[in-house]
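Colleague: could you work out the structure for the sequence below:
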Amino acid sequence: MDKKEIRKEIILKRDKIEEKDKKEFDRKIKDILKSSDYYRKAKNIFIYIGFGSEINTAEYINEFLEEGKNIFLPRIDLSKKVMDAVEIHSLEDLKKNKFGILEPGKDEAVIDKNLLDLIIVPGVAFDLWGGRVGYGGGYYDKYMSDIDESIHRLALCYQFQVLKELPKEKHDIKINEIITENGLIIV
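Modeller: You can find the predicted model right below:
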């Protein structure tokens, strides 16, 4: 299967998760994340806001902020086709972008990406080799292409989103670990 077919199949499957199961899976994933050394040691965390049937990371973000973590969210500049990380202090400060995804305002300052400790990467599918199929914009691959190798890249997803192997392209940036409702997978 190519990336387009994988996207279609996995999103369809993800959209069919029962709400009660989704809440339980999301809670388990958050608990595993919060018990990880990478999370405990991280001061500056870059995370996305779950959209549609993605993991509800908004609940995670509120807890992270309460715990004193510095939280950064993606902000996309469509005209330049780039993404930056912008610090937030509350989810209430966010605005919907063209795609209906919440993001920081245009006037907020960005962080030097090499000051991040942990990047939590969204995606449709992941593989056991660190591969990832995103949504096709390439924003995360571009963003992570020149970051320090010591910055941990982690994916959160449901177990069925982890496939044996995905198609790869030269510009694809690998992740270090995957957390599902069933546990941690080191790639």
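Colleague: now whichever strand or helix holds Ala58: buried residues?
Modeller: Using DSSP states H and E, the element containing Ala58 is helix 57-66. Using 16 or more other Cβ atoms under 10 Å as the test for burial, helix 57-66 gives 57, 60-61, 64-65. Using the backbone N, CA and C atoms, a C-beta is placed for each residue, glycine as well.
Colleague: Serialize the residues you listed to a markdown table and add fields for distance to Gly50 and pLDDT.
Modeller: Converted to a markdown table, these look like this (distance: Cβ to Cβ, whole Å; pLDDT from 0 to 100):
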| residue | distance to Gly50 | pLDDT |
| --- | --- | --- |
| Thr57 | 4 | 96 |
| Tyr60 | 9 | 94 |
| Ile61 | 10 | 96 |
| Phe64 | 14 | 97 |
| Leu65 | 16 | 97 |
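Colleague: can you give me the strands for the protein?
Modeller: Along the chain, counting by DSSP state E, strands occupy 44-46, 70-77, 82-88, 95-96, 102-103, 118-121, 125-127, 132-133, 152-156, 162-163, 177-180, 183-186.
Colleague: isn't Gln161 right next to Pro122, touching?
Modeller: No: contact criterion Cβ atoms under 8 Å: Gln161 and Pro122 do not qualify, at 10.8 Å.
Colleague: leaving out sequence neighbours, find the closest residue to Arg153.
Modeller: Distance criterion Cβ to Cβ, 6 or more residues apart in numbering; nearest residue to Arg153, sequence neighbours excluded, is Ile175 at 4.4 Å.
Colleague: measure the one you found to Met83 for me?
Modeller: Distance from Ile175 to Met83, counting by Cβ to Cβ, to the nearest Å: 16 Å.
Colleague: give me the low-pLDDT residue ranges for this protein?
Modeller: By pLDDT under 70, the chain contains no weakly predicted segment.
Colleague: biggest helix in it, by residue count?
Modeller: For the chain, the longest helix by residue count, based on DSSP state H, is helix 19-34.
Colleague: neighbouring contacts of that one?
Modeller: Applying Cβ atoms under 8 Å, 6 or more residues apart in numbering, the contact partners of helix 19-34 are 17, 39-40, 53, 55-56, 59-60, 63, 120, 154, 156, 158, 179-181, 183-184.
Colleague: perfect, that will be all.
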